Structure formats: structure tokens, C-alpha cells
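A.B. asks: Got a sequence here, can you model it:
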Amino acid sequence: MKKQQYIFTFVIFFIYLAAVFYVTIFSKHPYISESGEYRYNLNLNFIEFLIHNQFESLTFKLKNIGGNFVMFIPLGFLVPILINKSVHSIKISKIWITTFIGALLSLVIELIQLFTYYGIFDINDIVLNVLGTTGGFLLLYSCKLIFATSTRS
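C.D. replies: Numbers count the residues shown, from 1 in each chain. Just a heads-up that it's a prediction; the model follows:
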């Protein structure tokens, strides 16, 4: 990758990170329930999440699930592009590095939400974010494979 392309990708990456932090933290108001307690979810159960919470509509739940997944797809695209040159000497595959970075970013966001009360800490968000990151990675490499196959023909 040429230096200008790398710099452009790096700038896009930081704009993306700023947008993610804005959406997940800075656009929120501190959340404390009427009883004065902070709400968080440490249950890793999507079925229970979808069915048993009577206070949230199914539409809200689907937007939450889709949003958490979709929001991290660009990370799965950008990280492998940015680490392309630096990973050749490391024996760890790009998918593991990308997934780790997605998990780390998601954990940082959720911990900020937990300690600042801006947003709600939810373990399901971390799982969905990691799945979105991995999905973005797989989508990128699928596109590369299709493009490489079509250019050979």
C-alpha cells in the first residue's frame, strides 16, 4: 500500500473511532434508574434478552442487536488494512489480531459506560461487537477473494 493510501486509511480509522465513541458514550446521558441504581447486564443470553424484558419493544431490541453488530463491521475492514505490513513478521493471523482489537475496543467502551454511567454496560454488546468485527474481516477477505478471482478470468 502506498504511503498516501495508508495515511488516508489511518485518518478514516480515527474518524470511525470518533464516531463510535460519540454514538456509544458522548451522545448518551448519564443513566441512573428512578430508584437511584445503575442498570447493567452481565447475562449472556440473547433469547432471554429478546423475550423477557417487558420494558423494551422488539423493534428496539432488534435495532440494538443490529446496531451493535453493524457498528463494528468497519473495524473488521480497517484493522487488517492498517496492520497489513506490520503483521508479516508475527506468527499470529490477522483474524485473531482483528478480533482481539474489536474485543478490546468493545470492552473499553463498555467499561467507560459502566464507570461513567453514560450508557448501560451490557455483556451482550461486547459479544455482538466482536461478531461484527469478525464479520467485517470475513467480508473484506471474501471481497478480496472475489476480486482476485474476477481479475484472473
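
A.B. asks: From now on I want contacts and neighbour counts done on CA atoms only, so please keep to that.
C.D. replies: Will do.

A.B. asks: who's in contact with residue 134?
C.D. replies: Applying C-alpha atoms under 8 Å, 6 or more residues apart in numbering to residue 134 gives the contacts 73, 76, 95, 98-99.

A.B. asks: ok, it to residue 14 distance?
C.D. replies: Relative to residue 14, residue 134 is positioned 19 Å away (C-alpha to C-alpha, to the nearest Å).

A.B. asks: Low-confidence stretches in this structure?
C.D. replies: Scanning the chain with the threshold set as pLDDT under 70 gives 1, 31-56, 85-92, 153.

A.B. asks: Can you list the residue ranges for helices in it?
C.D. replies: With helices called from DSSP state H, the chain shows them at 3-21, 46-51, 58-71, 73-82, 94-116, 123-152.

A.B. asks: The third one: how far from the chain's middle?
C.D. replies: So the one you mean is helix 58-71. Here helix 58-71 is found 12 Å from its chain centre; the criterion is C-alpha atoms, centre = their mean, to the nearest Å.

A.B. asks: What is that helix packed up against?
C.D. replies: Packing contacts for helix 58-71, counted by 3 or more C-alpha pairs under 8 Å, 6 or more residues apart in numbering; DSSP states H and E, involve helix 123-152.

A.B. asks: and the angle from the helix it packs on to helix 73-82?
C.D. replies: Helix 123-152 runs at 50 degrees relative to helix 73-82, counting by axes from the mean of the first three to the mean of the last three C-alpha atoms, to 10 degrees.

A.B. asks: Please point out which parts of helix 123-152 sit buried.
C.D. replies: For helix 123-152, the buried set under the neighbour-count rule, 16 or more other C-alpha atoms under 10 Å, comprises 123-141.

A.B. asks: Contacts only, for residue 73.
C.D. replies: By C-alpha under 8 Å, 6+ apart, the residues touching residue 73 are 132-137.

A.B. asks: Let's have those in JSON lines, adding distance to residue 81.
C.D. replies: Formatted as JSON lines, the contacts of residue 73 follow (distance: C-alpha to C-alpha, whole Å):
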{"residue": "132", "distance to residue 81": "16"}
{"residue": "133", "distance to residue 81": "13"}
{"residue": "134", "distance to residue 81": "14"}
{"residue": "135", "distance to residue 81": "15"}
{"residue": "136", "distance to residue 81": "12"}
{"residue": "137", "distance to residue 81": "10"}
